[in-house]
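Peer 1: could you look at this predicted model? Sequence included:
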Amino acid sequence: VYCDMETDGGGWTELTPMIACTNLSAVMDFDVQAPTEGIDAECRPFTRDAGGNHSYHYTIPFAAGFSEFYLHEYVIKANSTGGGNTSDIYTSWVQTAWNLAYKAGGTGDVSFGSAEEMGPVTSYAATLNMNIDCATCEVDWPGMMTIYQTGMASTSFRIGWGEAGGQVEGWYPWWSGTIRVR
């Protein structure tokens with residue numbers, strides 16, 4: 001495990017997709033299920049619906065606890081079939097509760113925070129300066145290395161994501177990069 005001892009006084013533990021799913025036994029769960037879902041060979045969770053809605057979260061146990069996090073070189077990837085089907089995140093709707101990661105009618109979000117809280121601390125929709133609408137694009141975290149505080153000390157980090165609408169669409173909510181917690 002890599003520890004970042006430079007950023008903002010140090011003390012950061014780095015979580016990678018592989019560490020999350022193999023060492024920490026992360027759990028992928030849904031509130032509204034998509035017909036295509038899973039965790040790929042590189043430990044990246046993914047979903048794709050069939051023209052409906054879906055809402056998921058990926059919970060990473062972290063027994064040492066944390067109250068702050070930041071995303072380092074973090075990237076999500078759209079998981080649509082193309083041919084007019086696109087995955088979308090619009091700045092006009094932001095996920096505020098873990099159990100609902102989409103707005104009916106055609107947009108979703110990818111969000112981050114403590115699993116012990118009712119909803120995320122931040123998200124792509126909250127941080128983007130323009131909408132995302134693409135089939136298979138990779139999207140860098142727009143928040144640079146902003147440090148976010150959770151509302152409480154936590155022992156589980158959570159990523160939430162979802163989509164809505166009539167297109168065949170979804171996300172890899174953790175395509176690459178790392179999550180750093182302390």
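Peer 2: Nice, thanks for sending it over.
Peer 1: just list what the longest helix seen in the chain packs against, helices and strands only.
Peer 2: Looking across the chain with DSSP state H, the single longest helix is helix 124-127. Helices and strands touching helix 124-127, by 3 or more Cβ pairs under 8 Å, 6 or more residues apart in numbering; DSSP states H and E, are strand 107-114. Placement of C-beta: from N, CA and C, glycine included.
Peer 1: select the longest strand from this protein.
Peer 2: Of all the elements of type strand in the chain, the one with the most residues (DSSP state E) is strand 54-78.
Peer 1: report the mean confidence score over the helix or strand that that one is followed by.
Peer 2: Using DSSP states H and E, the next helix or strand after strand 54-78 towards the C-terminus is strand 87-89. For strand 87-89, mean pLDDT is 97.
Peer 1: so what touches strand 87-89?
Peer 2: For strand 87-89, the external contacting residues (Cβ atoms under 8 Å, 6 or more residues apart in numbering) are 78-80, 106-110, 124-125, 128, 131-135, 139, 163, 165, 169-171.
Peer 1: how about a cut-off of 7 Å?
Peer 2: 78-80, 106-110, 124-125, 128, 131-134, 163, 169-171 (Cβ atoms under 7 Å, 6 or more residues apart in numbering).
Peer 1: do stretch 125-142 as well
Peer 2: Residues from elsewhere that reach stretch 125-142 (Cβ under 7 Å, 6+ apart): 71, 74-78, 80, 82, 85-91, 93-95, 109, 143, 175, 177.
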